[in-house]
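*Asks:* can you look at this prediction? I've put the sequence above it.
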Amino acid sequence: MKAEILENVNLKGDYYQIRFASAEVASDARPGQFVHVRIDERRDFMLRRPFSIKDAENGVVTLLYKVVGKGTAALSTMKKGEFCDLMGPQGTPFTPRSDYRALIIVGGYGAAATWQLTRSMPGGVVLLGARSADDLLLTKEYADAGFDVCIATNDGSVGKKGFVTELIPEVMAEKSEKPFFIYGCGPKPMLMALAALMRKENIPGELSLDEIMCCGVGSCFGCVVKVNDSESADKFRYARSCVEGPVFPAENIYIGD
Ligand SMILES: Cc1cc2nc3c(=O)[nH]c(=O)nc-3n(C[C@H](O)[C@H](O)[C@H](O)COP(=O)(O)OP(=O)(O)OC[C@H]3O[C@@H](n4cnc5c(N)ncnc54)[C@H](O)[C@@H]3O)c2cc1C
Ligand code: FES
């Protein structure tokens with residue numbers, strides 16, 4: 001459905017935030033779901049692009065995006081009052097769990113996918129990872145929402161130097177009234193490392209897999225990921241991440257033996 005752009009602003013570097021008027025999408029959106037965006041009908045963008053719904057409130061849908069190619073570059077030039085076509089909300093959501101303490105672990109723009117959890121969860125811990133300070137997003141916002149924020153950057157420009165997953169043992173060592181439930185989103189190598197660690201340490205949680213998508217509705221099989229399947233000889237099957245995901249229980253993600 002057509003949605004008017006209310007605002008499209010540069011946050012820093014290659015990162016932008018865009019807000020659409022879309023009561024239909026906003027009223028149904030749950031944490032971790034995405035919209036499939038047809039950027040601009042006047043230009044050559046037949047394929048939609050998927051973006052996590054960062055926020056959805058009062059008929060307004062907010063996305064946070066990084067310019068990485070042709071589509072996102074075109075999106076960044078669009079102005080207030082212009083229209084995109086939004087399909088969604090699509091995909092499986094994260095499950096807010098009041099019986100656990102939230103441990104959000106995100107890399108780069110993955111911070112947008114988990115943001116809506118802060119609306120329904122009374123604080124927790126957020127581990128934000130990025131290549132460098134320039135790629136860190138929503139640090140202040142998560143802190144203002146009552147979450148303890150820890151940072152890791154690959155180049156050490158802010159927080160601990162290294163991968164965000166290296167912060168986990170320290171958090172796990174803290175005393176907590178409730179056990180942790182991990183919500184993760186970020187680059188695939190990070191998520192696979194996280195899934196392996198969660199399996200080893202027996203930590204429950206859900207991970208959002210950012211797979212390249214085409215149709216976004218389960219028809220093209222362009223977005224498949226491997227999930228565990230004990231009945232298959234290979235012990236896995238292919239799941240379409242646009243309909244069975246993007247959010248998967250971590251224990252379902254196939255990481256080999
Ligand atoms: C469920 C889901 C949620 C997403 N949420 C966000 C978000 O909140 N913010 C955001 O900035 N981006 C998000 N993405 C990634 C976003 O869809 C891509 O960056 C975008 O489609 C690239 O379009 P483009 O035309 O600019 O790039 P293209 O010219 O198509 O590609 C440029 C580069 O980006 C890579 N790329 C293309 N699609 C993806 C993808 N799906 N994931 C990772 N890399 C990709 C290509 O491999 C290539 O290297 C999400 C993707 C998925 C599947
Ligand atoms: S994008 Fe076509 S099946 Fe998922």
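*Replies:* That came in fine, so what should we check first? Ligands and ions are numbered 1, 2, ... in the order given.
*Asks:* okay but D148 is in contact with V126, surely?
*Replies:* Yes - applying Cβ atoms under 8 Å as the test, D148 and V126 come out as touching, 7.1 Å apart. For glycine as for every other residue, the C-beta is placed from the backbone atoms N, C-alpha and C.
*Asks:* okay, the two: which has more neighbours?
*Replies:* The neighbour comparison of D148 against V126 (other Cβ atoms under 10 Å) goes to V126, with 28 against 14.
*Asks:* close to ligand 2: what parts of the chain are there?
*Replies:* M213, C214, C215, G216, G218, S219, C220, F221, G222, C223, R240, C242 (Cβ under 6 Å from any ligand atom).
*Asks:* whichever of those end up buried, select them in ChimeraX.
*Replies:* To isolate the buried members of these in ChimeraX, using 16 or more other Cβ atoms under 10 Å:
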select :213,215,216,223,240,242
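*Asks:* now the residues of the chain next to ligand 2 in CSV, with distance to W115?
*Replies:* Below are the residues of the chain next to ligand 2 laid out as CSV (distance: Cβ to Cβ, whole Å):
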residue, distance to W115
M213, 20
C214, 26
C215, 26
G216, 21
G218, 26
S219, 29
C220, 29
F221, 30
G222, 27
C223, 22
R240, 25
C242, 21
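*Asks:* any idea how far ligand 2 is from K188?
*Replies:* According to Cβ to the nearest ligand atom, to the nearest Å, K188 and ligand 2 sit 16 Å apart.
*Asks:* that residue and I212 touch, don't they?
*Replies:* No - counting by Cβ under 8 Å, no contact exists between K188 and I212, whose distance comes to 10.4 Å.
*Asks:* so between those two, which is more surrounded?
*Replies:* Neighbours per residue (other Cβ under 10 Å) separate K188 from I212, with K188 holding more: 12 against 9.
*Asks:* now for I104: which residues touch it?
*Replies:* By Cβ atoms under 8 Å, 6 or more residues apart in numbering, the residues touching I104 are T114, L117, G124, V125, V126, L127, Y142, F147, I182, Y183, G184.
*Asks:* contacting residues around the fifth one?
*Replies:* With contact set as Cβ under 8 Å, 6+ apart, V126 has these partners: I104, I105, V106, T114, Y142, F147, D148, V149, C150.
*Asks:* how about the third one?
*Replies:* Applying Cβ under 8 Å, 6+ apart to G124 gives the contacts R101, A102, L103, I104, F147, D148.
*Asks:* the fifth one: what's it in contact with?
*Replies:* The neighbours of F147, taking Cβ under 8 Å, 6+ apart as the test, are A102, I104, T118, G123, G124, V125, V126.
*Asks:* quick one: mean pLDDT over the helix or strand containing A74.
*Replies:* For A74, the element it lies in under DSSP states H and E is helix 70-76. Mean pLDDT, helix 70-76: 94.
*Asks:* stretch 223-236 too?
*Replies:* Stretch 223-236 comes out at a mean pLDDT of 95.
*Asks:* how about it: buried residues?
*Replies:* So stretch 223-236, judged by 16+ other Cβ under 10 Å, has buried residues C223, V224, V225, K226, V227, F236.
*Asks:* and the end-to-end length of it?
*Replies:* Distance across stretch 223-236, first residue to last, is 16 Å (Cα to Cα, to the nearest Å).
*Asks:* how far does it sit from its chain's centre?
*Replies:* The chain centroid and the centroid of stretch 223-236 are separated by 23 Å under Cα atoms, centre = their mean, to the nearest Å.
*Asks:* check stretch 186-200 too.
*Replies:* In terms of Cα atoms, centre = their mean, the centre of stretch 186-200 is found 14 Å from the chain centre.
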